[in-house]
Each structure stands twice: as C-alpha cells, then as structure tokens.
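K.L.:
Next comes the sequence, and after it the predicted model I'd like to discuss.
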Amino acid sequence: MRVVTSPQEMRSLVGEHRARGEAVGLVPTMGFFHAGHISLMRAAREENDCVVVSLFVNPAQFGPGEDLRDYPRDLARDVKMAGGVGVDYIFHPGVEDMYPRPYLSYVEVEGITEGLCGAARPGHFRGVATVVAKLFHIIPAHRAYFGLKDAQQVRVIQKMVEDLNFDVEIVVCPTVREEDGLAMSSRNIYLGEEERKAATSLYRSLQLAEQLVRGGERSAGAVTAAMRGLLEGEPLVRPEYVEVVDWQELRPVERLEGRILVALAARVGRARLIDNILLDVP
Ligand code: AMP
C-alpha cells in the first residue's frame, strides 16, 4: 500500500489503473478508522481492482467552535488497518494541497442541506460537497462508498452527482454498530464511561421507532414523541433534533409512508452524535 499526498501524483496513478481497464473504488474518510470505515473498504475491495481511501480531516466542513482541532488522528494506525484490508492507496493530502490560497470555489447543494444536521451546522454540507467534488476530480473512481450512518451526507452526494453529472456510482453501505447498538464513530472516543452507556439510548430510541411503525403507528409526531420520551430518561443525553423525513427530499413528514428516514442528533458530553434508520413503510 502507498500513501500519496500530492493531488497531481494521485490523479496520474489512478489514470494508469484506468488506462489498464481496471475498476477503481474510492472510500472518502476523515481517518481514525473503526469497523464502519473498514466495512466500506471491504465492499470497495470486493467490487474493484484498485481501491483508494482518502484520509483528510476537511476544515471546510467544520464550523467555528466545532472539533476540527481535537478531531482524533492516528495515521500510523490507519495505515496498518487499511493495509490489512488490502487497500492500494491512501490519499492523505495536506490542507494547503486541497485549499490553495486564496480558496474561492465551493459546491452548494440546496434544499436537502437545510434541515436535520444542516440546520445546526450551517456551511457543513457545503464543505462536504466541495471536498467530495474535489476528491472525485483527483480520484476519478468508478464507484465511491459512503456509510448510511451519515444519511443526509449520502443524499447530498447523490444529488450532487446527479445534478452535476459526475460519472461515478455511489454505493451506500449499512451502519456498523457496537454490540450494544451504538453506531461506530470516530467521535465516540470523546465519551466518558457514563456517557458511553447513556449514548446507547440513541439507537434504543430508533429501535422503539421501528417497533411502533411495525406495530402500525403512522403518525410521525407520535413516533418522535416516544423517542424523545426515551431520550429524556437519560440526563446525560441532550437531543438536538429527532425527526422523521422522506428519503428523497429530507422534508419532515406527518404521515409515515414510503421510504422514510428516522434521524436524530444529540450531544452526549462534548460529543455530538448522530444516528438514523431507514424504513420502508407499506
Ligand atoms: P468519516 O471518517 O466519519 O467522515 O466517515 C467516512 C465514511 O465512513 C462516511 O461515508 C461515513 O458515513 C462512513 N461511516 C462512518 N461511521 C460509519 C458506521 N458506523 N457504519 C458505516 N459507515 C460509517
């Protein structure tokens, strides 16, 4: 496995693979790998000849006062873990490689970026769309792999690819969880012992939502109220939003039908955690 820092070199290496007729898979990440990242890499490894993992803590997607400086980083460990899965390249550029000064060009996906995490993190999805568009140009992959854990991010990337005619297939992979249900996240490292226990309430509230829907509940308000009730039983958990939206537009729904996303964000200690489930309601 090779670690490449220069965008020009990365593009020419991928160009050589493409010229040989090889299929290229890209897994964009911010590093500090866990089993969620590894599942994306494995999927990419199975379906492509050449696998590139990008590892870049993208300043453009962090707001003022967010955890850009504290975001966990461990390149040596990440390189070992990716090597173990058979990744071919880690693309690990510096901030100055990705954002030459003065940096003036951004990708803005409208509408679906306004609610859910977009409401509390203005500019976040502009940063995400911009860096992913740049990665798609630097690493012209046939397929790119994203986790459903970040469901709104998935919709933003899918819409950007559709609207701006990117020639890449977006592959969406299921959320990988700890044994007790907590969604894997690099930010789980921020949790103290009690907070870690309390954080299991996020997935428990999503399971409750699923149970209610399976039991015939069709009111979004009733589902979110029950979820909030469960979360309020955990004093260490401060919910930011608990919402049911349609999968296409990510707009709040009142009646549950078709493909819906039940999504939430909460602060637990200094960690901001998100989780969701996707349901197909008959
Ligand atoms: P990150 O490094 O947190 O930006 O995540 C990089 C990619 O891994 C994104 O596509 C995430 O959605 C995905 N990912 C993060 N956590 C998980 C998880 N628990 N299960 C599946 N995919 C995940």
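P.N.:
Thanks, I have the structure now.

K.L.:
Relative to residue 266, how far out is residue 94?
P.N.:
Shown here: residue 94 relative to residue 266, a distance of 33 Å by C-beta to C-beta, to the nearest Å. From N, CA and C alone the C-beta is placed, and that goes for glycine too.

K.L.:
More neighbours: the two, which one.
P.N.:
When residue 94 is set against residue 266 and neighbours are counted by other C-beta atoms under 10 Å, the residue ahead is residue 266, at 23 against 10.

K.L.:
Can you list phi and psi of the closest residue to the more buried one other than its chain neighbours for me?
P.N.:
Excluding its sequence neighbours, the residue lying closest to residue 266 (C-beta to C-beta, 6 or more residues apart in numbering) is residue 239, at 4.6 Å. Backbone dihedrals for residue 239, given as degrees, to the nearest 10, come out at phi -60, psi 140.

K.L.:
again with the one 4 residues further on
P.N.:
Its backbone dihedrals place residue 243 at phi -140, psi 150, with angles given as degrees, to the nearest 10.

K.L.:
Quick check, it in contact with residue 252.
P.N.:
Yes. Look at residue 243 against residue 252 with C-beta atoms under 8 Å: they come within range, at 5.9 Å.

K.L.:
so what's the residue nearest to residue 218 when sequence neighbours are not counted up against?
P.N.:
With C-beta to C-beta, 6+ apart as the measure, residue 256 is the residue that lies nearest to residue 218, at 4.8 Å, once sequence neighbours are left out. Residue 256 is in contact with 213, 217, 218, 219, 220, 223, 244, 279, 281, counting by C-beta atoms under 8 Å, 6 or more residues apart in numbering.

K.L.:
The first one: helix or strand, and which one exactly?
P.N.:
Right, the one you point to is residue 213. Counting by DSSP states H and E, the element that carries residue 213 is helix 200-214.

K.L.:
Whichever helix or strand comes after that helix to helix 200-214, inter-axis angle?
P.N.:
Moving toward the C-terminus from helix 200-214, the next helix or strand (DSSP H and E) is helix 220-232. Angle of helix 220-232 versus helix 200-214, following axes from the mean of the first three to the mean of the last three C-alpha atoms, to 10 degrees, is 150 degrees.

K.L.:
what sits up against helix 220-232?
P.N.:
Outside helix 220-232, the residues within contact range by C-beta under 8 Å, 6+ apart are 201-202, 204-206, 208-209, 212-213, 217, 237, 239, 242-244, 252-256, 262, 264, 266.

K.L.:
again, only using 6 Å
P.N.:
201, 205, 208, 209, 212, 237, 239, 242, 244, 253, 254, 256 (C-beta atoms under 6 Å, 6 or more residues apart in numbering).

K.L.:
How many residues are close by the nearest residue to residue 181 once chain neighbours are set aside?
P.N.:
Counting by C-beta to C-beta, 6+ apart, residue 203 is the residue found nearest to residue 181 once chain neighbours are left out, at 3.6 Å. Burial of residue 203, expressed as a neighbour count using other C-beta under 10 Å, amounts to 20.
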